[in-house]
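just coords:
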């Protein structure tokens, strides 16, 4: 039986300019807002904190919070 990665949270390793999929899924959750981010729309993350963000604003908020 094939396992679908639809509607599952992916686990990623964030790298400069890309990410590596550690656990198959179709989305991640924003570390600041909790918003669902489809992998094809993921543009913002922190390499140091290994966190995804839904927007540039969310990324700035995470940076301010330290």
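Now that the structure is in, tell me what you want to look at. No experiment lies behind these values; they were computed from the predicted model shown.

how about residue 63, secondary structure?
Using DSSP: H, G, I helix; E, B strand; the rest coil, the structure places residue 63 in helix.

Now do it against residue 47, distance only.
As judged by Cβ to Cβ, to the nearest Å, residue 63 and residue 47 stand 12 Å apart. Bear in mind the C-beta positions are built from the backbone N, C-alpha and C, glycine included.

Following the chain onward from the helix or strand where residue 45 lies, which element is next?
In the assignment (DSSP states H and E), residue 45 maps to strand 44-46. Going down the chain from strand 44-46, the next helix or strand is strand 51-53, by DSSP H and E.

and the gap between the residue nearest the centre of the chain and residue 22?
With distances taken as Cα atoms, centre = their mean, residue 52 lies nearest the centre of the chain, 3.4 Å away. Using Cβ to Cβ, one obtains 13 Å as the distance from residue 52 to residue 22.

Return every residue with contacts to both of the two.
Here residue 52 and residue 22 have residue 12 as joint contacts, going by Cβ atoms under 8 Å, 6 or more residues apart in numbering.
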